[in-house]
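Engineer: sequence first, predicted model second:
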Amino acid sequence: MSPVIAALWAAILVGLEQSASSLSITLDRSSQNLSSVPRDLPEDVEVLDLSCNHIQQLHRGDFNTTYLWFLNVSWNSLEVIDPETFLDTPHLKNLDLSHNKLKNLSSQQYLFHTENLSVLNLAHNKFLTMTLGSEFSSLVKLEGLALGAVNISMGDLKNIAAAKQLRTLTLFLEDELVYEPGSLMDAHAQRLQIAFTHNQITNHDLIADALTIFDEVELMNLTDGYEDLGKQLSERAEIRTSHLYLTNIVINWKDLTDYVNVVLKTSIAHLSATCVAINNLPYKDTDVAKTSKMKSFTARGAVVNSFFFSQEAVYNFFINMPVESLAIMETSIIHMTCPKSQSPIRHLDFSYCALSDTIFSSLDSRESTECNNLGNVRKLILVGNNLKSLRLISTRLQYMMSLQHLDLSLNLLVYDGLAHCAWPLNIINMTLSSNGLTDSVFNCLPPGTETLDLQNNQVSVVPSTIFKLNNLLSLNLNANRLRELPVCDSFPILNKLLLKSNSLHAPTASKLKGCLKLKVLDVSYNPFTCTCAIRSFRSIGIMSEKKTSPTGVELVGWPSDYYCNYPEDVRYSTLKDIWIPEVSCNAGFLAAAILCPSVIVIVAVVALCRRLDVPWYMGMIWQWTRAKHRARRRQVRPEDLVGVEFHAFVSYSQHDIDWVHNSLLPNLQGPAGGLRICHHEKNFVPGKTIIENIITCVEKSRRSVFVLSAHFIKSDWCHYELYFASHQRLARGSDSIVLVLLEPLPQYMIPSKYYQLKIMMDRHTYLEWPQDRAKHRLFWANLRAALQTDLPNAPVTELEE
């Protein structure tokens, strides 16, 4: 069995029970050189794989597993199966006995105890005839059956005539197949799959019966015989088959186009080709039928084995097909041409190809000409391509006046907001998920959009200045960068708003007052800050749960998917379970609770200070400090730098060491920066105390650079380094300390012991590490400029005691 056929049959075996298998108890004993069924099988096992072993017989008692519903014993050496083998498996639904040595299809007595089977695979055994025994008549729930034999005769399949639910019948043909016409009449399956062997010639009578009896026919592993197959199709006056599939085939371009043209003239409504290898591609255009009864053509996973050919000729053949639906998926096409005349195509799907922004356009005298022959297209799917410019795509599609549904997800789309977009006016459903779009995208949308999917982009705010989307009903902004709820001024009838997994800390509930039609709101999995600001939003969730909201808004996922991220003491608590007292949020209550004790304390402190003459001492200290300050403000002279060996001492938390080593140091010292940098890993002297090393490093450095982060303010050693550097500032001036903000650090997160840091951040400019890579060069230039100074030409050595 080829890998593709094996995959297809595996999909049939597993797909029917996919929902159940996700929770099933599974046991894999495949490829373990077993000669018999293991005796230690758990009684509660549901899915059992014994494939690729050397089991020759199955006996009663081998499977005392009441709950077993999936059993794979393929690729063994099975010759004998006891009639009562499956007596203790009443729930067995999927049974794979393929690739064994079973010899008689009319004597599979064990099937009398498998009346619940829905999928049975008996392919690739030693069956000479396909005569099914009476035991098959008990399989009334059968949905998928795979068989193979040398001889197929009239009446062989009569015992599955009662299987009214049979969806798929798969025939794995033998090399020396003998087929009697009409042998498939008793099989009432909806779909017939015929798997040919390598270079096998198609059987005329078998194909004739297939096209006469079954609604869907799938031909697999074909490598030749297309001319005979096409001739047979063209000569048939009556064809019942509406869906014809070609899977895992090798075909020449001429055979492919001739075959497609033949099918276009028949009553077959749907033609699909999957895993197609095409040889001898053309150098010039190939004619395609002008009219057809066929509704759809689908190609998936096509590859070409020719190096030199005309891509335009290949594209022209497919885009000019007279069908309502054209799909070419998972194929490495880089362009698609425009039809030569107005096309009847209504549905276009080019998912997971390699299309670029030139799609549908053509170059004429170095100018791009847009396509105006796809005016009937209503649905266009371009998922997973190489599209980059949203504005250019709007231009390419501007003449698709019937277009209503557009899917551009999983591309590389961006929009700079500078040029106007030219979308056709009838688009109502637009999917732009998983691109690189920012806030400006709202100025490049079709005005009639009703459903807009922008999830997994880089939108940080919904601008209030955009033109109105008066018809917008559903807006999906999941997995973006929003920090606040959008206002609904531009979406007057918005009904559904999805904001899952953004950066919303404390959503302002008042912004929803303008959303008069809003009924569904999803703000789950955001990093909520559970302080006073969250109370109004929390009340929306509580009213939604109790169904007492005056607006009737349903908060999706409440309360289980709404967690506090800050403060630490309530992290991972749901918003519903936290308690924020009224007194802590009401200014009046809070003032009353604090003011009276404060007045008493102030009066007591003032009286004590006057008694101890504290004002006089404070005045003296102030005068001394001012004098020191005036003395240090003079210009730094060379003699003031005696003993200074480094441009800067770098203080950072160990958690930020990767950034310091990989980014900071390479850009400041060496050829890139030319500065001498002191840091503890290189310049701390063993044997000295840490405090002594810190003091020495600060004194021998002209400036001190502090890499600020959430980890920095949690480090005691970083606190000491900041403390000593702030004292050194009295001698070196206020510019001796440079602050680098590695990540946002709100004031409320800084502990009280870092009061000096708060003062510095309030009064002095600090450098912020930009997330945008384009701004990194400017950041490093500013930092080097802040640290640059002329130092004595002292060698940079290890700090001595």
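Structural biologist: In hand now; what should we look at?

Engineer: quick check: closest non-adjacent residue to residue 758.
Structural biologist: residue 750 (5.7 Å; C-beta to C-beta, 6 or more residues apart in numbering). In short, each C-beta sits where N, CA and C put it, glycine included.

Engineer: thinking residue 302 is in contact with residue 318, fair?
Structural biologist: No. If you go by C-beta atoms under 8 Å, residue 302 and residue 318 don't touch, sitting 10.1 Å apart.

Engineer: what do those two both touch?
Structural biologist: Taking C-beta atoms under 8 Å, 6 or more residues apart in numbering as the criterion, residue 302 and residue 318 both touch residue 328.

Engineer: per-residue confidence at the residue nearest to residue 758?
Structural biologist: Among the per-residue scores, residue 750 shows a pLDDT of 77.

Engineer: residues in contact with it?
Structural biologist: 713, 757-758.

Engineer: as CSV, those with pLDDT, neighbour count and secondary structure would be great.
Structural biologist: Supplementary listing: these in CSV, determined by pLDDT from 0 to 100; neighbours: other C-beta atoms under 10 Å; DSSP: H, G, I helix; E, B strand; the rest coil:
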residue, pLDDT, neighbour count, secondary structure
713, 79, 18, helix
757, 75, 23, helix
758, 76, 13, helix
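
Engineer: ok, so of those, who is nearest residue 354?
Structural biologist: residue 713 (48.8 Å; C-beta to C-beta).

Engineer: please name the residues that touch the closest one.
Structural biologist: 745, 749-751, 754, 757.

Engineer: mind checking which of those residues are in helices?
Structural biologist: residue 757 (DSSP state H).

Engineer: any chance of the contacts of residue 713 in CSV, plus distance to residue 40?
Structural biologist: As requested, the contacts of residue 713 are exported to CSV (distance: C-beta to C-beta, whole Å):
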residue, distance to residue 40
745, 59
749, 57
750, 61
751, 59
754, 63
757, 65
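
Engineer: any idea how far the helix or strand hosting residue 648 is from the chain center?
Structural biologist: Using DSSP states H and E, the element containing residue 648 is strand 646-651. In terms of C-alpha atoms, centre = their mean, to the nearest Å, the centre of strand 646-651 is set 43 Å apart from its chain centre.

Engineer: can you pull the buried residues of that strand?
Structural biologist: 646-651 (16 or more other C-beta atoms under 10 Å).

Engineer: for stretch 356-369, same thing?
Structural biologist: Those would be 357, 359-361, for stretch 356-369 by 16+ other C-beta under 10 Å.

Engineer: how far away is residue 768 from residue 745?
Structural biologist: Distance of residue 768 to residue 745, computed by C-beta to C-beta, to the nearest Å: 10 Å.

Engineer: so the two - more neighbours on which side?
Structural biologist: Of the pair residue 768 and residue 745, residue 745 is the one with more neighbours under other C-beta atoms under 10 Å, namely 19 against 15.

Engineer: isn't the more buried one right up against residue 714?
Structural biologist: No. Using C-beta under 8 Å, residue 745 makes no contact with residue 714, being 11.6 Å away.

Engineer: where does the prediction get shaky in this protein?
Structural biologist: 1-23, 365-366, 587-590, 592-593, 610-641, 728-735, 763-765, 793-801 (pLDDT under 70).

Engineer: nearest residue to the middle of the protein?
Structural biologist: Nearest to the geometric centre of the chain sits residue 434, at 7.5 Å (C-alpha atoms, centre = their mean).

Engineer: touching, it and residue 410? I think so.
Structural biologist: Yes. Contact criterion C-beta under 8 Å: residue 434 and residue 410 qualify, at 4.7 Å.

Engineer: now residue 158: closest residue in space, sequence neighbours ignored.
Structural biologist: Residue 158 sits nearest to residue 186 (C-beta to C-beta, 6+ apart), 4.5 Å away.

Engineer: how about the contacts made by the one you found?
Structural biologist: Here residue 186 is in contact with 155-158, 160-161 (C-beta under 8 Å, 6+ apart).

Engineer: in ChimeraX, select just the buried ones from the residues you listed.
Structural biologist: Command for ChimeraX that selects the buried part of the contacts of residue 186, burial taken from 16+ other C-beta under 10 Å:
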select :156,157,158,160
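
Engineer: if we can go back for a sec, the buried residues of stretch 356-369 into a markdown table, with extra columns for secondary structure and distance to residue 350?
Structural biologist: Shown next, in a markdown table, are the buried residues of stretch 356-369 (DSSP: H, G, I helix; E, B strand; the rest coil; distance: C-beta to C-beta, whole Å):
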| residue | secondary structure | distance to residue 350 |
| --- | --- | --- |
| 357 | coil | 13 |
| 359 | coil | 8 |
| 360 | coil | 10 |
| 361 | coil | 14 |
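
Engineer: need the max-distance pair from those.
Structural biologist: Top of the distance list for those (C-beta to C-beta): 357 and 360, 10.3 Å.
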